[in-house]
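[1] based on what follows, work out the 3D shape:
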Amino acid sequence: MTRREILERALGGAAALGLGGFLATTGAEPRRVTPGRVPVRFWHLWTAEWQGVVERIVAEFNRSQERYEVVPLSVPSGSADAKFLLAAVGGDPPDVMAQWNLVLPTWAEHGVLQPLDALMTPAERRQFRSEVYPFVQKVGAFRGQTYAIGLGPNLVACYYRPDHFREAGLDPDRFPTTLEELTAAAAKLHRFDRAGRLTRIGFRPEGFGQFAALFGGGFYDERTGQVTLNTPENLRALRFLAEEHRKLGYENIIRFVSGLAGDSSGGVDWPFISGAFSITLDGQWRVEQLAKFAPRLPYRTAAVPPPSGGVPKAGWATADMLLIPRDSKEPKGAWEFIRFWAGLVSPERAARYYIWGGWLPITDAIARSPHYQEYLREHPAFRTYIDLLPSERIQPPPPVPYQAFLSDRIARTQDRVIRGTRTPEQALAQLEADVAKERARRRELGYGE
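    Numbers count the residues shown, from 1 in each chain. Here you go, the predicted structure:
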(Lines give C-alpha, C1' and ligand atoms only; values in the text may rest on other atoms or scores of the structure.)
Protein backbone atom coordinates (compact mmCIF):
# COMPACT_ATOMS: atom_id res chain seq x y z
CA MET A 1 0.00 0.00 0.00
CA THR A 2 1.39 3.43 -0.92
CA ARG A 3 1.65 6.28 1.56
CA ARG A 4 -1.09 8.16 -0.29
CA GLU A 5 -3.39 5.13 -0.06
CA ILE A 6 -2.70 4.87 3.68
CA LEU A 7 -3.65 8.51 4.11
CA GLU A 8 -6.80 8.28 2.02
CA ARG A 9 -7.98 5.14 3.80
CA ALA A 10 -7.26 6.50 7.29
CA LEU A 11 -9.11 9.71 6.47
CA GLY A 12 -12.01 7.85 4.89
CA GLY A 13 -11.17 8.97 1.36
CA ALA A 14 -11.38 12.69 2.12
CA ALA A 15 -10.21 14.07 -1.20
CA ALA A 16 -10.11 17.62 0.10
CA LEU A 17 -6.95 16.81 2.02
CA GLY A 18 -3.83 16.46 -0.06
CA LEU A 19 -0.09 16.26 0.27
CA GLY A 20 0.20 19.85 -0.82
CA GLY A 21 -1.12 20.91 2.57
CA PHE A 22 1.53 19.04 4.49
CA LEU A 23 4.07 21.82 4.85
CA ALA A 24 1.38 24.36 5.65
CA THR A 25 -0.16 22.35 8.46
CA THR A 26 2.67 20.82 10.46
CA GLY A 27 3.66 24.11 12.07
CA ALA A 28 7.07 25.35 13.24
CA GLU A 29 9.20 22.98 15.24
CA PRO A 30 10.08 24.18 18.76
CA ARG A 31 13.60 25.29 19.59
CA ARG A 32 16.12 22.64 20.64
CA VAL A 33 17.77 23.05 24.06
CA THR A 34 20.54 20.43 23.84
CA PRO A 35 21.47 20.14 20.14
CA GLY A 36 24.08 17.46 20.82
CA ARG A 37 21.47 14.89 21.78
CA VAL A 38 19.26 12.69 19.63
CA PRO A 39 15.97 14.58 19.12
CA VAL A 40 12.68 12.80 19.89
CA ARG A 41 9.82 14.87 18.49
CA PHE A 42 6.71 14.71 20.64
CA TRP A 43 3.30 15.95 19.55
CA HIS A 44 0.52 16.32 22.10
CA LEU A 45 -2.94 17.87 22.39
CA TRP A 46 -2.71 19.60 25.77
CA THR A 47 -2.99 23.38 25.98
CA ALA A 48 -3.19 26.10 28.65
CA GLU A 49 -2.19 24.91 32.14
CA TRP A 50 -1.96 21.29 30.97
CA GLN A 51 0.68 22.22 28.41
CA GLY A 52 2.85 23.46 31.27
CA VAL A 53 2.44 20.14 33.08
CA VAL A 54 3.47 18.18 29.98
CA GLU A 55 6.51 20.38 29.43
CA ARG A 56 7.59 19.84 33.05
CA ILE A 57 7.44 16.07 32.52
CA VAL A 58 9.43 16.40 29.31
CA ALA A 59 12.05 18.50 31.12
CA GLU A 60 12.31 15.84 33.85
CA PHE A 61 12.93 13.14 31.26
CA ASN A 62 15.55 15.22 29.50
CA ARG A 63 17.36 15.77 32.81
CA SER A 64 17.16 12.07 33.70
CA GLN A 65 19.50 10.91 30.91
CA GLU A 66 22.00 12.30 28.41
CA ARG A 67 21.19 10.53 25.13
CA TYR A 68 17.80 11.90 24.05
CA GLU A 69 16.10 15.28 23.99
CA VAL A 70 12.32 15.08 23.79
CA VAL A 71 11.09 18.16 21.91
CA PRO A 72 7.40 18.84 22.68
CA LEU A 73 4.92 20.51 20.36
CA SER A 74 1.29 21.27 21.27
CA VAL A 75 -1.00 20.58 18.29
CA PRO A 76 -4.62 21.86 18.31
CA SER A 77 -6.95 18.94 19.06
CA GLY A 78 -9.36 19.81 16.25
CA SER A 79 -6.72 19.46 13.53
CA ALA A 80 -4.28 17.04 15.19
CA ASP A 81 -5.53 13.89 13.44
CA ALA A 82 -5.30 15.36 9.94
CA LYS A 83 -1.90 16.91 10.66
CA PHE A 84 -0.57 13.62 11.95
CA LEU A 85 -1.79 11.70 8.91
CA LEU A 86 -0.39 14.26 6.52
CA ALA A 87 2.95 14.03 8.32
CA ALA A 88 2.79 10.23 8.25
CA VAL A 89 2.08 10.06 4.52
CA GLY A 90 4.91 12.52 3.93
CA GLY A 91 7.27 10.19 5.78
CA ASP A 92 7.98 12.69 8.55
CA PRO A 93 5.65 12.01 11.52
CA PRO A 94 6.56 12.84 15.12
CA ASP A 95 8.49 10.18 17.00
CA VAL A 96 5.83 9.89 19.69
CA MET A 97 2.33 11.34 20.03
CA ALA A 98 -0.22 11.80 22.80
CA GLN A 99 -3.75 11.14 21.61
CA TRP A 100 -7.23 10.85 23.13
CA ASN A 101 -9.43 10.88 20.03
CA LEU A 102 -11.01 7.60 18.89
CA VAL A 103 -8.48 6.87 16.17
CA LEU A 104 -6.19 4.11 17.44
CA PRO A 105 -7.87 1.08 15.77
CA THR A 106 -8.19 2.92 12.44
CA TRP A 107 -4.58 4.07 12.46
CA ALA A 108 -3.33 0.65 13.54
CA GLU A 109 -5.36 -1.09 10.83
CA HIS A 110 -3.87 1.11 8.14
CA GLY A 111 -0.30 0.64 9.28
CA VAL A 112 0.58 4.12 10.51
CA LEU A 113 1.42 2.94 14.07
CA GLN A 114 4.11 0.68 15.49
CA PRO A 115 3.17 -2.18 17.80
CA LEU A 116 4.89 -1.42 21.09
CA ASP A 117 5.34 -5.12 21.85
CA ALA A 118 8.28 -5.19 19.44
CA LEU A 119 10.01 -2.38 21.35
CA MET A 120 9.57 -4.04 24.75
CA THR A 121 12.14 -6.39 26.18
CA PRO A 122 10.80 -9.75 27.45
CA ALA A 123 11.02 -8.37 31.01
CA GLU A 124 9.09 -5.25 30.02
CA ARG A 125 6.38 -7.33 28.37
CA ARG A 126 6.02 -9.43 31.54
CA GLN A 127 5.86 -6.26 33.65
CA PHE A 128 3.23 -4.73 31.39
CA ARG A 129 1.02 -7.84 31.45
CA SER A 130 1.31 -8.41 35.19
CA GLU A 131 1.36 -4.90 36.67
CA VAL A 132 -0.65 -2.57 34.42
CA TYR A 133 -4.39 -2.43 35.17
CA PRO A 134 -6.59 -4.53 32.83
CA PHE A 135 -8.43 -1.54 31.39
CA VAL A 136 -5.16 0.23 30.50
CA GLN A 137 -3.98 -2.87 28.66
CA LYS A 138 -7.25 -3.06 26.73
CA VAL A 139 -7.55 0.59 25.74
CA GLY A 140 -4.26 0.60 23.82
CA ALA A 141 -4.71 -2.81 22.16
CA PHE A 142 -5.87 -3.80 18.69
CA ARG A 143 -6.01 -7.34 17.31
CA GLY A 144 -3.80 -8.80 20.01
CA GLN A 145 -1.06 -6.19 19.89
CA THR A 146 -0.33 -3.14 22.05
CA TYR A 147 -0.23 0.10 20.07
CA ALA A 148 -0.41 2.62 22.90
CA ILE A 149 0.11 3.02 26.62
CA GLY A 150 -2.94 4.57 28.25
CA LEU A 151 -2.23 7.35 30.72
CA GLY A 152 -4.73 8.75 33.18
CA PRO A 153 -7.79 6.53 32.65
CA ASN A 154 -11.01 8.55 32.60
CA LEU A 155 -13.54 6.71 34.75
CA VAL A 156 -17.07 7.58 35.86
CA ALA A 157 -18.37 7.72 39.44
CA CYS A 158 -21.20 9.34 41.39
CA TYR A 159 -20.73 12.77 42.96
CA TYR A 160 -23.32 13.48 45.64
CA ARG A 161 -24.29 16.20 48.10
CA PRO A 162 -24.54 14.99 51.73
CA ASP A 163 -26.42 18.17 52.66
CA HIS A 164 -29.14 17.27 50.15
CA PHE A 165 -29.25 13.72 51.55
CA ARG A 166 -29.82 14.98 55.11
CA GLU A 167 -32.49 17.43 53.92
CA ALA A 168 -34.35 14.53 52.26
CA GLY A 169 -34.04 12.27 55.31
CA LEU A 170 -31.36 10.07 53.71
CA ASP A 171 -28.16 8.90 55.38
CA PRO A 172 -25.15 10.34 53.50
CA ASP A 173 -22.94 7.69 55.11
CA ARG A 174 -24.95 4.91 53.42
CA PHE A 175 -24.83 5.53 49.69
CA PRO A 176 -27.14 3.18 47.73
CA THR A 177 -25.59 -0.17 46.85
CA THR A 178 -28.00 -1.03 44.02
CA LEU A 179 -29.38 0.97 41.12
CA GLU A 180 -32.88 0.41 42.44
CA GLU A 181 -31.92 2.00 45.77
CA LEU A 182 -30.28 4.87 43.91
CA THR A 183 -33.36 5.70 41.87
CA ALA A 184 -35.53 5.45 45.02
CA ALA A 185 -33.23 7.94 46.75
CA ALA A 186 -33.34 10.20 43.70
CA ALA A 187 -37.13 10.35 43.91
CA LYS A 188 -36.77 11.86 47.39
CA LEU A 189 -34.14 14.33 46.18
CA HIS A 190 -36.00 15.78 43.16
CA ARG A 191 -37.54 19.22 43.77
CA PHE A 192 -40.37 20.92 41.89
CA ASP A 193 -42.04 24.31 42.01
CA ARG A 194 -45.79 24.80 42.40
CA ALA A 195 -46.27 24.50 38.65
CA GLY A 196 -44.57 21.11 38.64
CA ARG A 197 -41.38 22.37 37.02
CA LEU A 198 -38.07 20.91 38.14
CA THR A 199 -35.96 23.04 40.44
CA ARG A 200 -33.45 20.30 41.33
CA ILE A 201 -32.69 16.91 39.83
CA GLY A 202 -31.91 14.20 42.34
CA PHE A 203 -30.26 11.93 39.78
CA ARG A 204 -30.41 11.77 35.99
CA PRO A 205 -28.72 8.63 34.59
CA GLU A 206 -26.80 9.13 31.35
CA GLY A 207 -24.26 7.06 29.47
CA PHE A 208 -25.49 4.00 27.60
CA GLY A 209 -22.02 2.46 27.71
CA GLN A 210 -21.73 2.93 31.45
CA PHE A 211 -25.09 1.35 32.22
CA ALA A 212 -24.78 -1.42 29.64
CA ALA A 213 -21.68 -2.60 31.51
CA LEU A 214 -23.46 -2.42 34.89
CA PHE A 215 -26.31 -4.52 33.51
CA GLY A 216 -23.78 -7.15 32.41
CA GLY A 217 -23.70 -6.10 28.77
CA GLY A 218 -21.46 -4.00 26.59
CA PHE A 219 -20.61 -3.58 22.95
CA TYR A 220 -17.66 -5.92 22.41
CA ASP A 221 -16.97 -9.56 23.30
CA GLU A 222 -13.26 -9.93 24.09
CA ARG A 223 -13.40 -13.71 23.73
CA THR A 224 -14.80 -13.75 20.20
CA GLY A 225 -13.63 -10.35 18.99
CA GLN A 226 -17.20 -9.54 17.90
CA VAL A 227 -19.27 -6.40 18.35
CA THR A 228 -22.33 -7.03 20.55
CA LEU A 229 -25.25 -4.64 20.21
CA ASN A 230 -28.80 -5.98 20.40
CA THR A 231 -28.42 -8.14 23.50
CA PRO A 232 -30.80 -8.70 26.46
CA GLU A 233 -28.37 -6.92 28.82
CA ASN A 234 -28.05 -3.86 26.60
CA LEU A 235 -31.82 -3.79 26.17
CA ARG A 236 -32.34 -3.78 29.94
CA ALA A 237 -29.90 -0.91 30.31
CA LEU A 238 -31.65 1.09 27.60
CA ARG A 239 -35.05 0.41 29.14
CA PHE A 240 -33.74 1.69 32.45
CA LEU A 241 -32.54 4.94 30.86
CA ALA A 242 -35.84 5.38 29.05
CA GLU A 243 -37.91 4.79 32.19
CA GLU A 244 -35.93 7.19 34.39
CA HIS A 245 -36.28 9.99 31.85
CA ARG A 246 -39.97 9.20 31.37
CA LYS A 247 -40.58 9.63 35.11
CA LEU A 248 -39.35 13.22 35.08
CA GLY A 249 -40.47 14.04 31.55
CA TYR A 250 -37.98 14.76 28.82
CA GLU A 251 -39.31 18.27 28.13
CA ASN A 252 -39.24 19.04 31.85
CA ILE A 253 -35.60 17.93 32.03
CA ILE A 254 -34.61 19.95 28.95
CA ARG A 255 -36.37 23.05 30.28
CA PHE A 256 -34.51 22.72 33.57
CA VAL A 257 -31.09 22.00 32.07
CA SER A 258 -31.33 24.79 29.50
CA GLY A 259 -31.80 27.29 32.32
CA LEU A 260 -28.54 26.33 34.01
CA ALA A 261 -25.25 28.13 33.59
CA GLY A 262 -23.02 26.40 31.05
CA ASP A 263 -20.23 24.23 32.40
CA SER A 264 -17.01 25.94 31.41
CA SER A 265 -13.95 23.88 30.60
CA GLY A 266 -12.51 24.95 33.93
CA GLY A 267 -15.49 23.64 35.87
CA VAL A 268 -16.43 26.85 37.71
CA ASP A 269 -19.96 26.75 36.26
CA TRP A 270 -20.58 23.05 36.89
CA PRO A 271 -24.26 22.85 37.98
CA PHE A 272 -23.40 20.38 40.75
CA ILE A 273 -21.63 23.23 42.56
CA SER A 274 -24.76 25.40 42.56
CA GLY A 275 -26.91 22.53 43.86
CA ALA A 276 -28.84 21.89 40.65
CA PHE A 277 -28.07 18.17 40.99
CA SER A 278 -27.96 16.08 44.16
CA ILE A 279 -26.24 13.12 42.50
CA THR A 280 -24.46 13.25 39.16
CA LEU A 281 -22.05 11.13 37.14
CA ASP A 282 -18.67 12.51 36.15
CA GLY A 283 -14.94 11.91 35.88
CA GLN A 284 -12.08 12.15 38.34
CA TRP A 285 -10.96 15.55 37.03
CA ARG A 286 -13.86 17.13 38.92
CA VAL A 287 -12.09 16.46 42.24
CA GLU A 288 -9.36 18.99 41.52
CA GLN A 289 -11.83 21.43 39.96
CA LEU A 290 -13.93 21.34 43.12
CA ALA A 291 -10.84 21.88 45.27
CA LYS A 292 -10.01 24.92 43.15
CA PHE A 293 -13.42 26.50 42.58
CA ALA A 294 -15.53 25.27 45.50
CA PRO A 295 -13.16 24.22 48.29
CA ARG A 296 -15.86 24.43 50.96
CA LEU A 297 -18.53 22.54 49.07
CA PRO A 298 -19.69 19.42 50.93
CA TYR A 299 -19.60 16.47 48.57
CA ARG A 300 -18.60 12.84 48.34
CA THR A 301 -18.00 10.26 45.63
CA ALA A 302 -19.12 6.65 45.25
CA ALA A 303 -19.03 3.96 42.59
CA VAL A 304 -22.08 3.79 40.36
CA PRO A 305 -24.06 0.88 41.86
CA PRO A 306 -25.23 -1.97 39.62
CA PRO A 307 -28.84 -3.13 39.35
CA SER A 308 -29.82 -6.15 41.41
CA GLY A 309 -28.11 -9.11 39.76
CA GLY A 310 -25.87 -6.77 37.75
CA VAL A 311 -22.10 -6.33 37.66
CA PRO A 312 -20.37 -4.20 40.33
CA LYS A 313 -17.38 -1.99 39.53
CA ALA A 314 -18.28 -2.03 35.84
CA GLY A 315 -18.32 0.86 33.42
CA TRP A 316 -17.18 2.55 30.23
CA ALA A 317 -13.94 4.54 30.15
CA THR A 318 -11.38 6.19 27.91
CA ALA A 319 -7.77 7.25 28.42
CA ASP A 320 -5.12 9.61 27.15
CA MET A 321 -2.63 7.52 25.17
CA LEU A 322 0.99 7.66 24.09
CA LEU A 323 1.71 5.98 20.74
CA ILE A 324 4.59 5.67 18.28
CA PRO A 325 4.14 6.19 14.51
CA ARG A 326 5.38 3.48 12.15
CA ASP A 327 7.91 5.85 10.54
CA SER A 328 9.22 7.31 13.79
CA LYS A 329 12.91 8.10 13.32
CA GLU A 330 13.66 7.46 16.99
CA PRO A 331 11.31 4.71 18.21
CA LYS A 332 13.72 3.58 20.93
CA GLY A 333 13.95 7.09 22.35
CA ALA A 334 10.17 7.41 22.09
CA TRP A 335 9.67 4.16 24.00
CA GLU A 336 12.14 5.25 26.71
CA PHE A 337 10.11 8.45 27.13
CA ILE A 338 6.82 6.55 27.32
CA ARG A 339 8.20 4.13 29.95
CA PHE A 340 9.53 7.07 31.96
CA TRP A 341 6.27 9.04 31.96
CA ALA A 342 4.01 6.02 32.48
CA GLY A 343 5.90 4.91 35.58
CA LEU A 344 7.13 1.60 34.21
CA VAL A 345 10.69 2.63 35.10
CA SER A 346 10.23 4.31 38.50
CA PRO A 347 6.66 4.27 39.87
CA GLU A 348 7.52 6.52 42.82
CA ARG A 349 9.08 9.18 40.61
CA ALA A 350 6.27 9.01 38.05
CA ALA A 351 3.64 9.35 40.79
CA ARG A 352 4.53 13.04 40.93
CA TYR A 353 3.66 13.43 37.22
CA TYR A 354 0.25 11.84 37.74
CA ILE A 355 -0.35 14.22 40.64
CA TRP A 356 0.68 17.26 38.58
CA GLY A 357 -1.95 16.37 35.99
CA GLY A 358 -4.58 15.11 38.43
CA TRP A 359 -4.42 11.79 36.57
CA LEU A 360 -5.28 8.29 37.69
CA PRO A 361 -2.34 5.86 37.93
CA ILE A 362 -1.95 2.80 35.72
CA THR A 363 -0.41 0.42 38.29
CA ASP A 364 -0.78 -0.40 41.97
CA ALA A 365 2.88 0.51 42.45
CA ILE A 366 2.15 4.11 41.46
CA ALA A 367 -1.04 4.26 43.52
CA ARG A 368 0.75 2.93 46.62
CA SER A 369 3.73 5.26 46.32
CA PRO A 370 4.21 7.80 49.15
CA HIS A 371 3.63 10.75 46.81
CA TYR A 372 0.32 9.39 45.54
CA GLN A 373 -0.85 8.31 48.98
CA GLU A 374 -0.28 11.85 50.22
CA TYR A 375 -2.31 13.13 47.27
CA LEU A 376 -5.17 10.79 48.24
CA ARG A 377 -5.10 12.07 51.81
CA GLU A 378 -5.50 15.60 50.44
CA HIS A 379 -8.21 14.51 47.96
CA PRO A 380 -10.07 11.60 49.57
CA ALA A 381 -12.83 11.72 46.92
CA PHE A 382 -10.22 10.40 44.47
CA ARG A 383 -10.13 7.05 46.29
CA THR A 384 -13.40 5.97 44.68
CA TYR A 385 -11.66 5.96 41.31
CA ILE A 386 -8.56 4.22 42.67
CA ASP A 387 -10.78 1.41 43.96
CA LEU A 388 -12.34 1.01 40.49
CA LEU A 389 -9.06 0.86 38.56
CA PRO A 390 -8.18 -2.84 39.11
CA SER A 391 -11.63 -3.97 37.91
CA GLU A 392 -11.65 -6.14 34.80
CA ARG A 393 -15.21 -4.91 34.13
CA ILE A 394 -14.17 -1.42 33.03
CA GLN A 395 -14.69 -1.41 29.26
CA PRO A 396 -12.96 0.79 26.63
CA PRO A 397 -14.68 1.76 23.39
CA PRO A 398 -14.80 -1.36 21.16
CA PRO A 399 -11.41 -1.85 19.45
CA VAL A 400 -12.76 -1.87 15.89
CA PRO A 401 -11.54 0.24 12.93
CA TYR A 402 -14.88 2.09 12.82
CA GLN A 403 -14.62 2.94 16.54
CA ALA A 404 -15.57 6.62 16.19
CA PHE A 405 -18.60 5.73 14.04
CA LEU A 406 -19.74 3.10 16.52
CA SER A 407 -19.33 5.39 19.54
CA ASP A 408 -21.34 8.07 17.77
CA ARG A 409 -24.16 5.62 16.98
CA ILE A 410 -24.21 4.35 20.57
CA ALA A 411 -24.69 7.93 21.76
CA ARG A 412 -27.47 8.47 19.18
CA THR A 413 -29.20 5.31 20.38
CA GLN A 414 -29.43 6.69 23.91
CA ASP A 415 -30.60 10.07 22.63
CA ARG A 416 -33.42 8.53 20.60
CA VAL A 417 -34.65 6.58 23.60
CA ILE A 418 -34.58 9.35 26.20
CA ARG A 419 -36.28 11.71 23.74
CA GLY A 420 -38.98 9.12 23.21
CA THR A 421 -38.61 9.03 19.42
CA ARG A 422 -37.77 5.30 19.52
CA THR A 423 -38.58 2.50 21.91
CA PRO A 424 -35.52 0.73 23.36
CA GLU A 425 -36.25 -2.21 21.07
CA GLN A 426 -36.50 0.00 18.00
CA ALA A 427 -33.38 1.97 18.92
CA LEU A 428 -31.26 -1.15 19.35
CA ALA A 429 -32.52 -2.58 16.07
CA GLN A 430 -31.60 0.72 14.39
CA LEU A 431 -28.14 0.62 15.98
CA GLU A 432 -27.58 -2.89 14.68
CA ALA A 433 -28.76 -1.93 11.20
CA ASP A 434 -26.57 1.20 11.11
CA VAL A 435 -23.48 -0.76 12.09
CA ALA A 436 -24.22 -3.54 9.60
CA LYS A 437 -24.54 -0.92 6.85
CA GLU A 438 -21.24 0.67 7.84
CA ARG A 439 -19.44 -2.66 7.86
CA ALA A 440 -20.84 -3.47 4.41
CA ARG A 441 -19.69 -0.08 3.15
CA ARG A 442 -16.19 -0.74 4.48
CA ARG A 443 -16.05 -4.11 2.75
CA GLU A 444 -17.09 -2.55 -0.55
CA LEU A 445 -14.29 0.00 -0.22
CA GLY A 446 -11.76 -2.74 0.52
CA TYR A 447 -11.32 -2.01 4.22
CA GLY A 448 -11.06 -4.75 6.83
CA GLU A 449 -13.71 -5.56 9.39
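[2] quick check: buried residues in stretch 251-261?
    Of the residues in stretch 251-261, Asn252, Ile253, Phe256 count as buried by neighbour count, 16 or more other CB atoms under 10 Å. C-betas here are computed from N, CA, C, even on glycine.
[3] tell me which element the second one is part of?
    For Ile253, the enclosing helix or strand under DSSP states H and E is helix 250-258.
[4] by contact count, what packs against that helix?
    In terms of contacts (3 or more CB pairs under 8 Å, 6 or more residues apart in numbering; DSSP states H and E), helix 250-258 is packed against strand 198-203.
[5] what helices or strands is the strand it packs on leaning on?
    Using 3+ CB pairs under 8 Å, 6+ apart: strand 198-203 touches helix 179-189, strand 191-192, helix 250-258, strand 277-282.
[6] please list the residues outside the shortest one that contact it.
    I take that to be strand 191-192. Leu198, Thr199, Arg200, Gly202 (CB atoms under 8 Å, 6 or more residues apart in numbering).
[7] for the third one, same thing?
    Contacts made with helix 250-258 from outside it, assessed by CB under 8 Å, 6+ apart, are listed as Gly196, Arg197, Leu198, Thr199, Ile201, Arg204, His245, Ala276, Ile418, Arg419, Gly420.
[8] please pull up the helix or strand immediately following it.
    helix 271-274.
[9] average pLDDT for that next one?
    For helix 271-274, mean pLDDT rounds to 94.
[10] what is it packed up against?
    By 3+ CB pairs under 8 Å, 6+ apart, helix 271-274 packs against strand 277-282, helix 285-293.
[11] which residues sit against that helix?
    Residues outside helix 271-274 that contact it (CB under 8 Å, 6+ apart): 159, 161, 260-261, 263, 277, 280, 282, 286, 290, 293-294, 297, 299.
[12] what's the answer for stretch 363-382, then?
    131-133, 159, 284, 287-288, 290-291, 299-301, 343-344, 347-348, 350-352, 354-355, 361, 383, 386, 389-390.
[13] need the buried ones from those selected in ChimeraX.
    Buried members of those, defined by 16+ other CB under 10 Å, are picked up in ChimeraX with:
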select :131,132,133,159,284,287,288,290,299,300,301,343,344,347,350,351,352,354,355,361,386,389
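[14] out of the contacts of stretch 363-382, which sit inside helices?
    Among these, the subset assigned to helices under DSSP state H consists of 131, 287-288, 290-291, 347-348, 350-352, 354-355, 383, 386.
[15] mind checking the SS state of the residue lying closest to Phe142 once chain neighbours are set aside?
    Spatial nearest neighbour of Phe142, excluding adjacent residues (CB to CB, 6 or more residues apart in numbering): Ala108 at 4.3 Å. When classified by DSSP: H, G, I helix; E, B strand; the rest coil, Ala108 comes out as helix.
[16] mind listing what Ala108 touches?
    Going by CB under 8 Å, 6+ apart, Ala108 touches Phe142, Arg143, Gln145, Tyr147.
[17] mind checking pLDDT for it?
    Reported pLDDT for Ala108: 95.
[18] one more: Phe22?
    So Phe22 comes in at 42 (pLDDT).
[19] any idea which element the residue lying closest to Gln426 once chain neighbours are set aside lies in?
    Once flanking residues are discounted, Gln426 sits nearest to Arg416: 8.0 Å by CB to CB, 6+ apart. Using DSSP H and E, Arg416 maps to helix 403-419.
[20] can you list contacts of that helix?
    By CB under 8 Å, 6+ apart, helix 403-419 touches 101-106, 206-209, 219, 227, 238, 241-242, 245, 250, 397-398, 400, 422-424, 426-428, 430-431, 434-435, 438.
[21] which of the residues you listed fall within helices?
    Using DSSP H, the contacts of helix 403-419 in helices are 104-106, 208-209, 238, 241-242, 245, 250, 424, 426-428, 430-431, 434-435, 438.
[22] returning to what we had before: looking at the contacts of helix 250-258, which one is closest to Thr34?
    Using CB to CB, Ala276 is the member of the contacts of helix 250-258 that lies nearest Thr34, at 51.2 Å.
[23] let me know whether the closest one touches Arg204 as I believe.
    No - the criterion here is CB atoms under 8 Å, and Ala276 misses it with Arg204 at 10.3 Å.
[24] tell me the confidence at Glu29?
    What the model reports as pLDDT for Glu29 is 63.
[25] make that Arg4, sorry
    Reported pLDDT for Arg4: 47.
[26] any low-confidence regions in this structure?
    Counting by pLDDT under 70, the chain shows low-confidence ranges at 1-30, 262-266, 448-449.
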